[in-house]
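**Q** Any chance you could fold what I've pasted below:
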Amino acid sequence: MHTETNSNTDSNTVTEREAATGPVPTSMAAAVQHSYGGSEVVDLERIAVPEPGPRQVVVQVEASGIDRGVVHLMTGLPLIIRVIGFGLFRPKQPVLGADVAGRVVAIGSRVGRFRVGDEVMGVASGAFAEYAVADVDKLVMRPDNVPAEHAGVSTISGITALQALTTVGRLSPGQRVLVIGASGGVGSFAVQIATALGAQVTGVAGAASLDAVRALGAVHVVDYRETPIDEIGSTFDLVIDIGGRNPLRRIRRVLNETGTFVIVGGEDGGRITGGIGRNLRAVVLSLFVRQRLTAFISKESVEYIEQLAAMLADGSVTPHVGARTDLAGVADAIARLENGGVIGKTLVTIGGAS
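**A** Reported below is the predicted structural model:
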């Protein structure tokens, strides 16, 4: 072990670096983009291994996952993403990826929760790389019985689904829940979590995905190409719409008189704001009707990651891995996700995931 010191103990340069299997290298392979665009802007490059800040650790990445958020950050669309801080003309963080599972190999000067060698899962910055930096408040210990491959694809989608159902949706056991987009990353977790919490779930997806959605725990499944949302023939206590395009009037027809509608993301609002227009209309309309019409931004915090890790550990939730790749195949894997060719999550394996 060697320690880099500075007279200011809060300095970002004060780090403790050590690896369980040897010294941390100075360079690494990473999936990098230097401009916004399609999957063609993503290349495999060698770059410097990141240094942790005082409240950060460096994780040797074993596994990560590709979700819709990766696509938005790659393309820089909707444009509001760039304005709120991700880089106006080019990405501030050139390495994609946020889901992470791996081993802590370096710690910052004010890290008390983790030690070098700990196996962790959570959210990192630039996880499509051999090493990534993560804030300690966005990591938890990976349960011993949860493989790195499962932990690595779970956090972003899993905690989004968890918050949509519980904190925002206020799900109670016995309620009827409709999950629109049930075969995607967030949707596949939403079906399982709602089922584990005692709900009766109906999942909406494409025909090719219906068997998978049923296997996740959905009691009923609906092919959205064959049956419009407002013709399902049932009403629900809670509707979770993931990246949906359904007008509010249709959603309200399948929602109980005092039911709750939760919008998770949005994919049909144009280049500037994305789906935010429908989100805002829902919130405003909710002021004048008995139904709760809501939208939210997922919070990346230990509280939710710990709850998700516990569900992975007890087997009530298992990520549905619909595709796999390594670092060299990240660009092609993102393209497949953009084209709707993946059920569940895409796993990125990096350095001996198990």
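
**Q** ok, the residue nearest to the spatial centre of the chain - contacts?
**A** Geometric centre of the chain, nearest residue: residue 156, 2.2 Å, by CA atoms, centre = their mean. Residue 156 sits next to 65, 67, 69, 98, 99, 123, 185, 298, 300 when contact means CB atoms under 8 Å, 6 or more residues apart in numbering. For glycine as for every other residue, the C-beta is placed from the backbone atoms N, C-alpha and C.

**Q** Let's see that with 10 Å instead.
**A** Shown in contact with residue 156 (CB atoms under 10 Å, 6 or more residues apart in numbering): 64-70, 97-100, 122-123, 127, 185-186, 189, 298, 300, 305, 345.

**Q** What subset of the residues you listed is buried?
**A** Buried members of the contacts of residue 156, scored by 16 or more other CB atoms under 10 Å, are 64-70, 97-100, 122-123, 127, 185-186, 189, 298, 300, 305, 345.

**Q** tell me the mean pLDDT for the host helix or strand of the residue nearest to the centre of the chain?
**A** Here residue 156 is covered by helix 155-163, with elements defined by DSSP states H and E. On average, the pLDDT along helix 155-163 is 98.

**Q** any idea whether residue 100 is helix, strand or coil?
**A** strand (DSSP: H, G, I helix; E, B strand; the rest coil).

**Q** Run through the bridge partners of it.
**A** Counting by DSSP bridges, residue 100 forms beta bridges with residue 122.

**Q** who touches it in this structure?
**A** By CB under 10 Å, 6+ apart, residue 100 lies in contact with 59, 61-65, 120-129, 132-134, 138-139, 148, 151-153, 155-156, 350.

**Q** any idea how far it lies from residue 194?
**A** To residue 194, residue 100 is 25 Å away according to CB to CB, to the nearest Å.

**Q** just to revisit the earlier point, the helix or strand just after the helix holding residue 156 pairs with which strands?
**A** Using DSSP H and E, the helix or strand that follows helix 155-163 in sequence is strand 176-180. Next to strand 176-180 in the sheet, as set by DSSP bridges, lie strand 200-205 (parallel), strand 236-242 (parallel).

**Q** Which one, of the ones you listed, ends up nearest to residue 114?
**A** strand 236-242 (32.0 Å; CB to CB).

**Q** can you map out the helices along the protein?
**A** Secondary structure of the chain by DSSP state H: the helices cover 68-75, 80-81, 148-152, 155-163, 185-196, 210-215, 248-253, 270-273, 276-285, 302-313, 330-338.

**Q** one step back: got the strands paired with strand 176-180 as TSV, with mean pLDDT and distance to residue 24 columns?
**A** Below are those laid out as TSV (pLDDT from 0 to 100; distance: least, CB to CB, whole Å):
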stretch	mean pLDDT	distance to residue 24
strand 200-205	97	43
strand 236-242	97	38
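
**Q** These: which one's closest to residue 75?
**A** Comparing the strands paired with strand 176-180 against residue 75 with CB to CB, the closest turns out to be strand 236-242 (18.7 Å).

**Q** quick one, that closest one and helix 276-285 angle?
**A** 150 degrees (axes from the mean of the first three to the mean of the last three CA atoms, to 10 degrees).

**Q** any idea how far residue 305 is from residue 98?
**A** In terms of CB to CB, residue 305 sits 12 Å off from residue 98.

**Q** Mutual contacts of those two, please.
**A** Counting by CB under 10 Å, 6+ apart, the contacts common to residue 305 and residue 98 are 122, 123, 138, 155, 156.

**Q** got JSON lines for those residues, with distance to residue 237 too?
**A** Supplementary listing: the shared contacts of residue 305 and residue 98 in JSON lines, determined by distance: CB to CB, whole Å:
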{"residue": "122", "distance to residue 237": "31"}
{"residue": "123", "distance to residue 237": "30"}
{"residue": "138", "distance to residue 237": "32"}
{"residue": "155", "distance to residue 237": "27"}
{"residue": "156", "distance to residue 237": "26"}
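
**Q** Surely residue 113 touches residue 138?
**A** No - with contacts counted by CB atoms under 10 Å, residue 113 stays clear of residue 138, the gap being 11.1 Å.

**Q** More neighbours: which of these two?
**A** Shown here are residue 113 and residue 138; by other CB atoms under 10 Å, residue 138 has more neighbours (20 against 16).

**Q** how about that one, what does it touch?
**A** Residue 138 neighbours (CB under 10 Å, 6+ apart): 56, 98, 100, 120, 122-125, 155, 159, 300-302, 305.

**Q** What sits closest to it if chain neighbours are left out?
**A** Distances taken as CB to CB, 6 or more residues apart in numbering put residue 123 closest to residue 138, at 4.1 Å, once the chain neighbours are dropped.

**Q** per-residue confidence at the one you found?
**A** Looking at residue 123, its pLDDT stands at 98.

**Q** so what's it up against?
**A** By CB under 10 Å, 6+ apart, residue 123 lies in contact with 97-100, 132, 134-135, 137-139, 155-156, 159, 300-301, 305.

**Q** at 7 Å instead, please
**A** 98, 100, 134, 138, 155, 156, 300 (CB atoms under 7 Å, 6 or more residues apart in numbering).

**Q** cool, residue 230 as well?
**A** Residue 230 touches 250, 253, 254, counting by CB under 7 Å, 6+ apart.
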